[in-house]
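predicted model follows, preceded by the sequence.
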Amino acid sequence: MKHYIVAYDILNDKRAVKVRKLVYSYALGGQKSALEVPMNKKDLKAFLKLLKPLLSDEDRVNIIEVDEEPMLFGKADVLAYDKGVIIV
């Protein structure tokens, strides 16, 4: 499983709510509109299939693959993720 940073800027409030709900349903956590999302290839394809119809040409979504172990500072710690576990 790979980790991605999904950062988005959606200009329409209704679309923003839909995108936020979708991204948060996959995410471990993050800061407002930039979240850490663990996905395998199958999950990524499903995510993109759901995401694309929600977007307009004026919106921006960046999905950045994290290739290496993250650099952690302060109290930051690697979050463990097991498929089917919900982290609130």
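Cool, the structure landed.

element containing Val6?
Assessed by DSSP states H and E, Val6 sits inside strand 2-9.

I'd like the average pLDDT over that strand.
Average pLDDT, strand 2-9: 90.

partners of it in the sheet?
Partners of strand 2-9 in the sheet, by DSSP bridges, are strand 34-39 (antiparallel), strand 60-66 (antiparallel).

could you pull out the helices for this structure?
Secondary structure of the chain by DSSP state H: the helices cover 13-26, 41-51.

from the strands paired with strand 2-9, which stretch is densest packed?
Burial of the strands paired with strand 2-9 is given as mean neighbour count (mean count of other CB atoms under 10 Å); strand 34-39 ranks first at a mean of 19. Bear in mind the C-beta positions are built from the backbone N, C-alpha and C, glycine included.

pLDDT of stretch 61-74, averaged?
Mean predicted confidence for stretch 61-74 is 80.

please apply the same query to stretch 24-35.
In this model, stretch 24-35 carries a mean pLDDT of 82.

now it: buried residues?
Tyr26, Ala27, Ser33, Leu35 (16 or more other CB atoms under 10 Å).

save the strands paired with strand 2-9 as JSON lines, and put in distance to Asn12 too.
Output for these, formatted as JSON lines (distance: least, CB to CB, whole Å):
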{"stretch": "strand 34-39", "distance to Asn12": "19"}
{"stretch": "strand 60-66", "distance to Asn12": "12"}
